[in-house]
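Student: Output the structure for:
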Amino acid sequence: NGDHLRYCVHEYCRAWALDDAFVRWLDEACVFTCTLVDRIVTGYPRDDAEAVWAALGYEDRLITTGEPFALWVIESSRDISHELPLDKAGLPVIFTRDLTPYKERKVRILNGGHTSSVLAAYLAGCKTVLDMMNDAQLCAYLERAMLDEMVPCVPLPAEEARAFALSVLERFRNPYVKHQLLSISLNSFSKWRARLLNSFRDNMARGTFPRRIAFSFAAMLAFYVGQARADGYYGNVNGEEYRILDDERVIEAVSAACKLTPERYAHEIMTREDFWGEDLTRYDGFEACVAGDLDRILSRSVRAAIDALN
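Tutor: All right, here's what the predicted structure looks like:
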């Protein structure tokens with residue numbers, strides 16, 4: 001984000017024909033930092049608001065719920081920690097020249113954990129991450145996906161990556177954080193590509209088929225089975241409608257492909273290089289695995305399909 005901001009500011013310098021002295025000052029005096037934030041914040045606690053107001057002694061409609069864990073990583077080309085000594089004030093801030101390991105850790109494990117599980121959990125009848133973690137079947141599935149298929153691919157010492165994954169699982173069990181699965185489901189296609197595709201590739205490169213990451217793709221396709229209406233695109237689970245929100249190209253593609261057989265549906269979506277940056281059917285066994293899982297989910301249930309993984 002800092003690199004992009006620097007680019008935008010320099011574009012304005014050119015567009016406004018600002019003099020060279022200003023541009024030199026911009027480059028020499030200003031630091032454009034790249035940042036990463038890791039904290040689960042679920043928003044306004046609608047169900048608990050009145051109890052919170054009673055405890056506060058006044059009505060506050062700006063309250064929000066966030067977990068105790070927090071991390072802010074700040075990357076810059078020169079050390080700015082003495083100018084902004086947040087870490088020395090006891091705040092969870094890390095100054096670094098390279099935030100890549102922290103980003104990989106968060107995206108692959110925490111975000112990857114969410115994207116690999118929440119759509120299947122919703123189809124299984126859960127509403128929140130906590131519901132999923134309290135479900136023995138779903139929790140076991142997530143633990144295997146994270147510890148067996150994501151952790152080994154994180155470019156960090158194995159014990160450090162595993163410790164972070166275990167801490168994430170504990171964070172997901174926080175009884176006070178009601179993280180709605182439908183909120184996490186927003187734009188799941190781009191999230192699968194950003195959060196899971198690299199781990200999938202890395203597993204395949206080392207000769208290990210990531211069975212649960214592959215299953216998560218099928219669960220995503222099942223979640224996206226729906227009907228287009230004037231006011232949006234909707235799926236249905238156990239007679240209850242839910243709105244599916246994603247890029248218009250994605251909705252257009254799935255609304256047509258989901259009417260086909262599971263095999264054709266999987267093929268049509270997996271070959272969309274504009275979605276994934278490549279044709280996913282090129283990976284040995286992936287297409288057949290997704291098609292089989294998708295068929296089991298649609299013809300039986302997501303729980304039956306998860307049972308078949310073991």
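Student: hey, let's count contacts and neighbours off CA atoms from now on
Tutor: Fine.
Student: correct me, but Leu186 touches Val250?
Tutor: No - with contact defined as CA atoms under 8 Å, Leu186 and Val250 do not form a contacting pair (11.8 Å).
Student: ok, these two, which is more surrounded?
Tutor: Val250 (19 against 15; other CA atoms under 10 Å).
Student: Assign a three-state SS to the more buried one, would you?
Tutor: Put simply, Val250 is helix when judged by DSSP: H, G, I helix; E, B strand; the rest coil.
Student: Next up, the contacts around it.
Tutor: Shown in contact with Val250 (CA atoms under 8 Å, 6 or more residues apart in numbering): 189, 275.
Student: again with Pro101
Tutor: Per CA under 8 Å, 6+ apart, neighbours of Pro101: 155-156.
Student: And it, what's its pLDDT?
Tutor: pLDDT, Pro101: 91.
Student: Specify the local secondary structure of it.
Tutor: Under three-state DSSP, Pro101 comes out as helix.
Student: any idea how far Thr115 is from it?
Tutor: 20 Å (CA to CA, to the nearest Å).
Student: Give the bridge partners for the nearest residue to Asn1 once chain neighbours are set aside, please.
Tutor: What sits nearest to Asn1 in space, not counting adjacent residues and going by CA to CA, 6 or more residues apart in numbering, is Cys34, at 5.3 Å. Taking DSSP bridges, one obtains Glu75 as the residues bridged to Cys34.
Student: can you pull the contacts of Cys34?
Tutor: Cys34 makes contact with 1-3, 74-76, 99, according to CA under 8 Å, 6+ apart.
Student: Next: Ala161.
Tutor: Neighbours of Ala161 in contact, by CA under 8 Å, 6+ apart: 105, 151-152, 154.
Student: where's the helix or strand that contains it relative to the chain centroid, distance-wise?
Tutor: Following DSSP states H and E, the helix or strand that holds Ala161 is helix 158-172. Computed by CA atoms, centre = their mean, to the nearest Å, the chain-centroid distance of helix 158-172 equals 16 Å.
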